[in-house]
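Asks: how does the following fold in three dimensions:
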Amino acid sequence: MKNAEELQEAVLELNDNAVAEYLLRHPDFFIRNAQQVEQMQVPHPIRGTVSLVEWHMARSRNHINRLEENMNLLMEQANANEGLFYRLLKLQGRLASATSLQEMLNRLHRWAREMGLAGANVRLFADRWRIGAPSDFTHLALNRQAFEALRIQRLGDNQHYLGPLNGPELLVVLPQAKAIGSVAMSLMGNDADLGVLLFSSRDAQHYHEGQGTQLLHELALMLPDLLERWIERV
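Replies: Residues are numbered from 1 along each chain as shown. Below is the predicted model:
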């Protein structure tokens, strides 16, 4: 009697972890008990129950399907990155061959217009570049203190912001712009402290949270080196 009670207590103490641990230690269990395994039934949400073999095969098929989906996604990303690379390389060539700063900025602006945007603008933090009078580049200057409230509100700890700007914010970064619905804004430089690159659209829905920023990121890193051909960095 005592042995029966002890056996019952031992069975009650079994749990998922104990069973799983036993099977991991004894992988030959399924070989030694092949007949019983084939007779095991597993709950199924649609069919009620299925055999353990069918359940395992279904899990394997699902795993293979997920692997195929991941592979397709990786291929799509690779194709997109390849297209991004060539677009960026072409733009870099156009900007690098400019003979003046204004020509380079005009080429960047035209590139943005070719993509259906309102334009592209570069603003430089005045404390990081020598662009004060009598420089010809004073119109590019952006006061860091005036920009700080916008940075905190829109960028936070991020380097990029995609979405709308209100009237006062637009006056800070794009004072001459009109009918701007949304922008893609990126802080330039490795430390994000050299200035701001902005692409603008008249469509309020064109730029929005969740869009990719890889192209923005690469341009924001590339432009300062090109700008140094004409402007000295502090």
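
Asks: near the nearest residue to residue 222 once chain neighbours are set aside, how many other residues are there?
Replies: Nearest residue to residue 222, sequence neighbours excluded (Cβ to Cβ, 6 or more residues apart in numbering): residue 92, at 6.3 Å. (Glycine included, C-beta is placed from N, CA and C.) Using other Cβ atoms under 10 Å, residue 92 has 15 neighbouring residues.

Asks: what ranges does the protein have for its strands?
Replies: Assigned by DSSP state E, the strands in the chain fall at 41-44, 48-51, 119-125, 141-142, 160-163, 182-188, 195-201.

Asks: let's have those in a markdown table, adding distance to residue 108.
Replies: Below are the strands of the chain laid out as a markdown table (distance: least, Cβ to Cβ, whole Å):
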| stretch | distance to residue 108 |
| --- | --- |
| strand 41-44 | 59 |
| strand 48-51 | 61 |
| strand 119-125 | 5 |
| strand 141-142 | 16 |
| strand 160-163 | 17 |
| strand 182-188 | 12 |
| strand 195-201 | 9 |
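
Asks: residue 107: which of those is closest?
Replies: Among those, strand 119-125 comes nearest to residue 107, with 9.6 Å by Cβ to Cβ.

Asks: which residues does residue 87 contact?
Replies: residue 215 (Cβ atoms under 8 Å, 6 or more residues apart in numbering).

Asks: from residue 115, how far off is it?
Replies: Counting by Cβ to Cβ, to the nearest Å, the separation of residue 87 from residue 115 is 9 Å.

Asks: and for residue 106?
Replies: Distance, residue 106 to residue 115, by Cβ to Cβ: 15 Å.

Asks: more crowded one of the two?
Replies: residue 106 (13 against 10).

Asks: which residues of the protein score low on pLDDT?
Replies: Counting by pLDDT under 70, the chain has low-confidence residues at 1-14, 30, 34, 37-42, 44-53, 55-56, 58-60, 63-64, 67-68, 70-84.

Asks: next, count neighbours for the residue lying closest to residue 22 once chain neighbours are set aside.
Replies: Nearest residue to residue 22, sequence neighbours excluded (Cβ to Cβ, 6+ apart): residue 29, at 7.7 Å. For residue 29, the neighbour count with other Cβ under 10 Å is 14.
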